[in-house]
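# Okay, structure incoming, though there's no sequence with it:
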């Protein structure tokens, strides 16, 4: 959605033997019929569109994830 402007961080955990740590995994999954694409306001002549519009993102995500690939690369133009 950010057309490559914002990069997702690598998740890393630093353990602490003195304090208990609790993690809660939260996922936001779009409906299969929803289109995901870069926000039009972030696409311009100076910063052309880097990603195509995709549907069924969850299927795409798991297909690439199981191959050890980054799912975002499937949407690259």
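Cool, got the structure. None of the values given here were measured: they were computed from a predicted structure.
# Excluding sequence neighbours, find me the nearest residue to residue 77.
Excluding its sequence neighbours, the residue lying closest to residue 77 (C-beta to C-beta, 6 or more residues apart in numbering) is residue 52, at 5.4 Å. No exception for glycine: its C-beta is placed from N, CA and C like everyone else's.
# residue contacts, that neighbour?
37, 75-77 (C-beta atoms under 8 Å, 6 or more residues apart in numbering).
# cool, and residue 50?
Going by C-beta under 8 Å, 6+ apart, residue 50 touches 3-4, 38, 76-77.
# who wins for neighbours among the contacts of residue 52?
residue 75 (17 neighbours; other C-beta atoms under 10 Å).
# Dihedrals phi and psi, it?
With angles defined as degrees, to the nearest 10, residue 75 sits at phi -90, psi 0.
# And residue 76, by the same measure?
Torsion angles, degrees, to the nearest 10, at residue 76: phi -60, psi 140.
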